[in-house]
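Undergrad: need coordinates for the following:
(one chain, ligands or ions: 1)
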Amino acid sequence: MLLVLLPMQVHAQDAFCEWDRTEAAARFGSSALSAPTIPAWTLPLSQASFARRSAPGRVFPSDPGSSVPTDVLLPGLLGDGMALDGEYVRAGSDRLDGIGQVMTTTDGDFRFAPDTSAALLCPTDISVCRAFDAVNVYWHVDRYVREFWVDRMGVEPSFRAEARVHIGGDGAFADWTSRSQKMGVGDIFMKNTALSDDLIYHEYTHLVLSSLGFETGTGVSEQTRALHEAYADYFAATFTGEPRIGEWVVTCPPRQQCQGPPNDRELRTLELDPGIWNWREGAPSDSLRYGICTRFHEGDGKCKQSWNNYTRPYVWGMIWAAALWDLRTALGAEQVDRLALEAARRHDSTTDFARALGHLLEEAEGRFGPNVRGQVETVFLERGLTASMDVSVESSDQDAGLELWPNPARGSLSIRLPDAPSGHLAAEWVIRDLLGREVLRGTARSGDLLSVDTGQLPAGVYRFEARSGARSMRQMFVHFR
Ligand SMILES: [Zn+2]
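TA: Below is the predicted model:
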C-alpha cells in the first residue's frame, strides 16, 4: 500500500536515508548569506517583559509506540495564549498554518486528535495533516528546555527555536542559521518525526550546542560533525533514560520473500559492542552501518537492503555517543551530563575526537578529580579513543630529548633517555598510573635505549618519569592490552 503511493521509482542508492540534514542545511545557510540575518523572533525574550499563559493541549508524552494521547498544559505561551508562540519555541505547520507561520487557535484550546499513519501524505493532501503534530513538538521542546536544560543543567537558552512540522520526506534536521528544527512526515523508512520525542530532543540539542559556540558549517570535518551528532543523541538519550533513538519512528516496507538479517527496530542506539563500534585510534572499520532494512522493491521486483546510518558523521558519532553512554553507566547521569556539557562548551568547528577527549579529561579532572579522570580515560580507551592534550609540562619535557615509542604501546615500550652533557649518568625511572601510583621502576644510564615490558599493566594512560642528577623529565603514554 505504502509503495504504491510513492511518487517515483526508488533505486538502491536512493534508499539510504539521510535522515538528519544538519550539515546540509548549515552549508546552505552559510553559503547563501555571508552575514546571516537572524530573524527577530529567534532572539531571546527579555525576562519578565511578557506575560506567559498556559493552555490545554494533547500530546504523546513519549511516542505513539509507548504512550497514548494525553491532555497536558502547554506552558510559556506569550500574548493572549491563542498561538503556539512561546518563551522557548514557536511551532507551526507549513501546510496548515502557512510557511513559517505559528499555529493559532480561536479559543486557546490545543487538544486535537492525532493520526499516527497518514501524515506521510500531508505534503500533497492537506486533509490528512493534523494540528496535533505542531502541538506535540511545542510541548516536547518546551519540556526539554525546562526540565533538562534549565533545571538540570543550568543552561538558559539564548535563542527561541522555530519548530516546523509537515516537512516532506524521511527524517528531521536542524539549522542554526534560522534557529529552526524541521520535522519530516516520513517516506519509505520513517514515520512522522513530529511524534518522536527523542528526535525532537536530538534536533533541539543541535541548536543548543550551536548556541554554546560549538557550531558546524561549511568545511567542518567529519569528526567534528560526528561529535555534534553524538552529543545530540547523548543528551536526548540521557533525558529519556533510553539508549535507543527513534524506536517508534523507524519503519521498513514488507520484505516478502527477501532474505536478510532482522531489521533494526530503532534508528540508532547507544548500547553498542565496543569491539565493533571502536575508533581504533583513528582507523575505525569502514563497514560500520546501522539501521538495516531488507525490503522487496515492487517497482523493479528486486530485494534491497539499506541502512539508516551509513555515512561517517553518523557511524563515527555512534562510537562517541556509545562511549559517553558507557561512561554514564559507570559514573551516573549527573556527572556525565555535566562532563559532556562542559566539554561541548569547549568544542568548536575545529574539534576532532582526540581534542574532544582532551576537553572531557580536563573537565573530569578539574571538576571531579583524578579518579574520575582515570575512569573517563579507561572507558574511552575501551572504545579505541585516546586524547591529545595541551599539557605544557609534558611538551616541555619532550623537548628535553626523551624519546618514547610506540605510543600507544602494546606489550612493550622503548625509551631513549637523552644524552647527559657530561657523559653517562645514572638515571632512575618510574612509571605511574593516572592516580600517581608507581607501577614499574628501574634504573638506566643517560643515552641508553630501554625496553620496558608493559604487558602486565592494565590498559590505560601512564606517565613515564626519569630523573638524572638535577634533571627530570616525563612523558605520558597510552597502553593497550
Ligand atoms: Zn543530527
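Undergrad: so where do the strands sit in the stretch 351-481 of the chain?
TA: Taking DSSP state E, counting those that start in this stretch as the criterion, the stretch 351-481 of the chain carries its strands at 403-410, 412-416, 426-432, 438-445, 449-453, 460-468, 471-480.
Undergrad: what is the burial count for Ala237?
TA: With neighbours defined by other Cβ atoms under 10 Å, the count for Ala237 comes to 25. C-beta: built from backbone N, CA, C; applies to glycine.
Undergrad: and the helix or strand hosting it, C-alpha only, in PDB?
TA: Of the helices and strands defined by DSSP states H and E, Ala237 is found in helix 222-240. Coordinates of each C-alpha in helix 222-240 appear next as PDB, following Å, rounded to 0.1, in the frame of the first residue of the first chain:
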ATOM      1  CA  GLU A 222      33.600  14.600   9.500                       C
ATOM      2  CA  GLN A 223      34.900  14.100  13.100                       C
ATOM      3  CA  THR A 224      33.500  17.400  14.200                       C
ATOM      4  CA  ARG A 225      30.200  16.700  12.600                       C
ATOM      5  CA  ALA A 226      30.200  13.200  14.200                       C
ATOM      6  CA  LEU A 227      30.700  14.900  17.600                       C
ATOM      7  CA  HIS A 228      27.700  17.100  17.000                       C
ATOM      8  CA  GLU A 229      25.600  14.100  16.200                       C
ATOM      9  CA  ALA A 230      26.900  12.200  19.200                       C
ATOM     10  CA  TYR A 231      26.100  14.900  21.700                       C
ATOM     11  CA  ALA A 232      22.600  15.300  20.100                       C
ATOM     12  CA  ASP A 233      22.000  11.600  20.600                       C
ATOM     13  CA  TYR A 234      23.600  11.500  24.100                       C
ATOM     14  CA  PHE A 235      21.600  14.400  25.500                       C
ATOM     15  CA  ALA A 236      18.300  13.100  24.000                       C
ATOM     16  CA  ALA A 237      19.100   9.700  25.400                       C
ATOM     17  CA  THR A 238      20.100  10.800  28.900                       C
ATOM     18  CA  PHE A 239      16.900  12.900  29.100                       C
ATOM     19  CA  THR A 240      14.700   9.900  28.200                       C
END
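Undergrad: which parts of it count as buried, going by neighbours?
TA: For helix 222-240, burial by neighbour count (16 or more other Cβ atoms under 10 Å) applies to 223-240.
Undergrad: I'd like the next helix or strand past it.
TA: Past helix 222-240, heading to the C-terminal end, the next element that is a helix or strand (DSSP H and E) is strand 244-245.
Undergrad: show me what the helix or strand Ala343 falls within packs onto, helices and strands only.
TA: Using DSSP H and E, Ala343 sits in helix 333-346. Helices and strands in packing contact with helix 333-346 are listed as helix 222-240, helix 312-331, helix 353-368; criterion 3 or more Cβ pairs under 8 Å, 6 or more residues apart in numbering; DSSP states H and E.
Undergrad: in a markdown table: the strands of the stretch 351-481 of the chain, plus mean neighbour count, distance to the ion and mean pLDDT.
TA: Rendered in a markdown table, the data for these read as follows (neighbours: other Cβ atoms under 10 Å; distance: least, Cβ to the ion, whole Å; pLDDT from 0 to 100):
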| stretch | mean neighbour count | distance to the ion | mean pLDDT |
| --- | --- | --- | --- |
| strand 403-410 | 14 | 31 | 84 |
| strand 412-416 | 17 | 40 | 88 |
| strand 426-432 | 18 | 40 | 83 |
| strand 438-445 | 14 | 42 | 85 |
| strand 449-453 | 13 | 44 | 87 |
| strand 460-468 | 19 | 31 | 80 |
| strand 471-480 | 19 | 30 | 79 |
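Undergrad: where does the chain have low pLDDT?
TA: Across the chain, the stretches falling below the confidence threshold (pLDDT under 70) are 1-50, 389-400, 421-424, 435-436, 469-470.
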